[in-house]
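Peer 1: coords please:
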Amino acid sequence: MESTNFKAFIKRAMEPQFTRFLFTAALNTVVGWCIFATLRYLFGLIPGIDALFWANFFGTIISVLFNFKTYGAIVFRNKDFKLIFKFVLVYSVTFFCNYFLIRIFKDRWDINNYIAAAIVAVPIGFLNYFLNKFFTYVKEQKLWHYLFLAAILIIEVILFIVLKSVEGC
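Peer 2: Numbers count the residues shown, from 1 in each chain. You can find the predicted model right below:
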């Protein structure tokens, strides 16, 4: 039984869409990390700001636009610009996941932001793929897709605000 499940997993993993995702994710990861690292360095030169937050914020905006084009065209073979809102919603969710994971690596294990960003790029990339596959690039667009992603985003924003208010104390 387990052998059958493993074979099914391998067969599914080798589907053309997933293979295109791996290639595109590698490209997007390299581009995204370079954008993040450059912005993190530049924002680090400005005293008194959360350089990690702003580098992550602006890096995500730039990366989202790049990734929307590459994932849509290469992975999902869908260039419908109407999907940008859902795509941005997915990336808004993963933005906070990315930020929190980098913070955990820094705060718990004292790993610098650049290395932490490289480490979390892989799980965040897979999370982006699955959220886009099952919420953005689906044949039937449903209201609950938007509501589910919006609920997660609201929870993350609340956690972020609480984190920032505790830091301010």
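Peer 1: CA only for contacts and neighbour counts going forward, please
Peer 2: OK.
Peer 1: quick one, phi psi at D80?
Peer 2: phi -70, psi 110 (degrees, to the nearest 10).
Peer 1: quick one, what contacts the nearest residue to it once chain neighbours are set aside?
Peer 2: Excluding the flanking residues, the one nearest D80 by CA to CA, 6 or more residues apart in numbering is G72, at 7.9 Å. Neighbour list for G72: 78-80 [criterion: CA atoms under 8 Å, 6 or more residues apart in numbering].
Peer 1: pLDDT below threshold where in the chain?
Peer 2: Within the chain, the segments meeting pLDDT under 70 span 1-3, 6-14, 168-169.
Peer 1: hmm, back to that, how about the contacts of G72 in JSON lines, adding neighbour count and distance to R20?
Peer 2: Below are the contacts of G72 laid out as JSON lines (neighbours: other CA atoms under 10 Å; distance: CA to CA, whole Å):
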{"residue": "N78", "neighbour count": "15", "distance to R20": "13"}
{"residue": "K79", "neighbour count": "15", "distance to R20": "15"}
{"residue": "D80", "neighbour count": "11", "distance to R20": "18"}
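Peer 1: Would you mark the buried spots in the strand or helix carrying F23?
Peer 2: For F23, the element it lies in under DSSP states H and E is helix 16-44. Of the residues in helix 16-44, 20-22, 24-25, 28-29, 31-33, 35-37, 39-40, 43-44 count as buried by neighbour count, 16 or more other CA atoms under 10 Å.
Peer 1: again, but for stretch 82-94
Peer 2: For stretch 82-94, by 16+ other CA under 10 Å, it's 83-84, 86-94.
Peer 1: quick one on the thing from earlier: now, which of the contacts of G72 sits nearest F68?
Peer 2: K79 (8.7 Å; CA to CA).
Peer 1: What is the three-state secondary structure of V138?
Peer 2: coil (DSSP: H, G, I helix; E, B strand; the rest coil).
Peer 1: Roughly how far does it sit from K106?
Peer 2: Applying CA to CA, to the nearest Å, the value for V138 to K106 is 36 Å.
Peer 1: between the two, which one's more packed in?
Peer 2: K106 (16 against 12; other CA atoms under 10 Å).
Peer 1: from what I can see that one touches N112, true?
Peer 2: Yes. With contacts counted by CA atoms under 8 Å, K106 reaches N112, the gap being 5.8 Å.
Peer 1: Residue nearest the middle of this protein, spatially speaking?
Peer 2: T94 (4.0 Å; CA atoms, centre = their mean).
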